[in-house]
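In: Here is my input; please provide its structure:
(2 chains)
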2 protein chains.
Amino acid sequence: MTTDQGFTLRHELRAGDEEVVRSIVASTGFFSPAEIDIAVELVQERRSKGDASGYHFVFLDAVGEHGAVTLGYSCYGKIDGTASSYDLYWIAVAQAQRNRGLGKVLLQETEARIAAAGAGARIYVDTSSRASYAPTRAFYARSGYVQAALLADFYAPGDGKVIFCKVVAG
Amino acid sequence: MTTDQGFTLRHELRAGDEEVVRSIVASTGFFSPAEIDIAVELVQERRSKGDASGYHFVFLDAVGEHGAVTLGYSCYGKIDGTASSYDLYWIAVAQAQRNRGLGKVLLQETEARIAAAGAGARIYVDTSSRASYAPTRAFYARSGYVQAALLADFYAPGDGKVIFCKVVAG
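Out: The predicted structure is shown next:
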């Protein structure tokens, strides 16, 4: 699928996506080495187990004369034991490509894929309560996500978990 | 370790614990076949990966003349990406052994193990908002757990997720 801006959205893994994801996530400067490893492991899980991994991806590619370059991606999946609740595990755009609205494109595509799964689908996304995450929280808020919970000191003292939720299919 | 009531608490797996866990969890009548499979998978993960699985267990055994019989168990683990937050994944007592305070013994031992991990340890436990889970919620409330969040309709329409939290080490 090609967006209005000429980007391509794909949902199947390509060779090298492990390093693509590592590079994008690392470029943001937001994540620890352990968190970056986890992001890559989800790609590996998807590659080895397919749909059974429970991890689904959206990649946003810019196709140029030298082939496709991936600018951002999201990773989501159904939460075990729920009727139609989904976790948005990752959404990240390469640092050099920020402020172009690509996160919004990725989020909307992710929501559309989840909404297609059936009525009443709910998307949950966890983020930090720290001040440095204010832009992230604002991104979700203006995308229609509502704060459903704040677990104080969840990640560390002074670093709580904020759980946002959006119902994407009536 | 032997309790005041003559039970033995153990933390290492024994041969056959997969079937012990399946039997205990199934006996409660609270869990779906898929949930029971997940409970067993955590034992398998522990057996194949040890501490690296991230899953830790407490088994409560009654030792009699025919050997040890397991009456209940808990499963817990540190939450990835947190400084000192833990999930209590499972705590279950065989149906025929309920109302003897064994759940409390298991919970206290689990808390002691987690508290030993260091200052500020927090235990999270998820349960359902459904009426049939009122005894479960009351169990946690009288054990010092505080409701930290309610995610409406999380599991299914009308079936929310209640997140309880207890700080076990100052």
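In: Tell me the secondary structure at residue A:161.
Out: strand (DSSP: H, G, I helix; E, B strand; the rest coil).
In: so how many other residues sit close to the closest residue to it other than its chain neighbours?
Out: Excluding the flanking residues, the one nearest residue A:161 by CB to CB, 6 or more residues apart in numbering or on different chains is residue A:154, at 3.8 Å. The way it works is simple: take the backbone N, C-alpha and C, and place the C-beta from them, glycine included. Here the count is done by other CB atoms under 10 Å in any protein chain shown, and residue A:154 has 25 residues near it.
In: Also residue A:27?
Out: Using other CB under 10 Å, the number of residues around residue A:27 comes to 16.
In: same thing with residue A:117?
Out: Under the neighbour criterion other CB under 10 Å, residue A:117 is assigned a count of 13.
In: what about it, distance to chain B?
Out: 14 Å (CB to the nearest CB, to the nearest Å).
In: Mind checking what secondary structure that residue has?
Out: coil.
In: what's it in contact with, if anything?
Out: A:78, A:84, A:86, A:169 (CB atoms under 8 Å, 6 or more residues apart in numbering or on different chains).
In: would you say the residue nearest to residue A:161 is within a strand?
Out: Yes. Residue A:154: assigned to a strand according to three-state DSSP.
In: host element of the closest residue to residue A:144 other than its chain neighbours?
Out: In this structure, residue A:144 finds its nearest non-sequential neighbour in residue A:166, 5.2 Å apart by CB to CB, 6+ apart. Residue A:166 belongs to strand A:159-167 when assigned by DSSP states H and E.
In: Parallel or antiparallel, list what pairs with that strand.
Out: In the sheet, strand A:159-167 lines up against strand A:122-128 (antiparallel), strand A:146-156 (antiparallel) (DSSP bridges).
In: before we move on, the earlier item: now, which of the contacts of residue A:117 lie within strands?
Out: Counting by DSSP state E, the contacts of residue A:117 place A:78, A:86 in strands.
In: wait, isn't residue A:7 in contact with residue A:58?
Out: No. Counting by CB atoms under 8 Å, residue A:7 does not reach residue A:58; the two are 11.1 Å apart.
In: Which positions in the longest helix anywhere in chain A come out as buried?
Out: Ranked by residue count and defined by DSSP state H, the top helix of chain A is helix A:33-49. Neighbour-count burial for helix A:33-49, counted by 16 or more other CB atoms under 10 Å in any protein chain shown, picks out A:36, A:38, A:39, A:40, A:42, A:43, A:45, A:46.
In: Now the fifth one: closest residue in space, sequence neighbours ignored.
Out: Which is residue A:42. Closest residue in space to residue A:42, ignoring its immediate chain neighbours: residue A:55 at 4.9 Å, by CB to CB, 6+ apart.
In: Tell me the residues on chain A that lie near chain B, please.
Out: Contacts of chain A with chain B, taken as CB under 8 Å from any CB of the partner chain, map to A:32, A:34-35, A:38, A:79-85, A:120, A:122, A:124, A:148-157, A:159, A:163, A:165.
In: Now the buried members of those.
Out: For these, a burial check counting by 16+ other CB under 10 Å picks out A:38, A:79, A:81-85, A:120, A:122, A:124, A:148-149, A:151, A:153-155, A:159, A:163, A:165.
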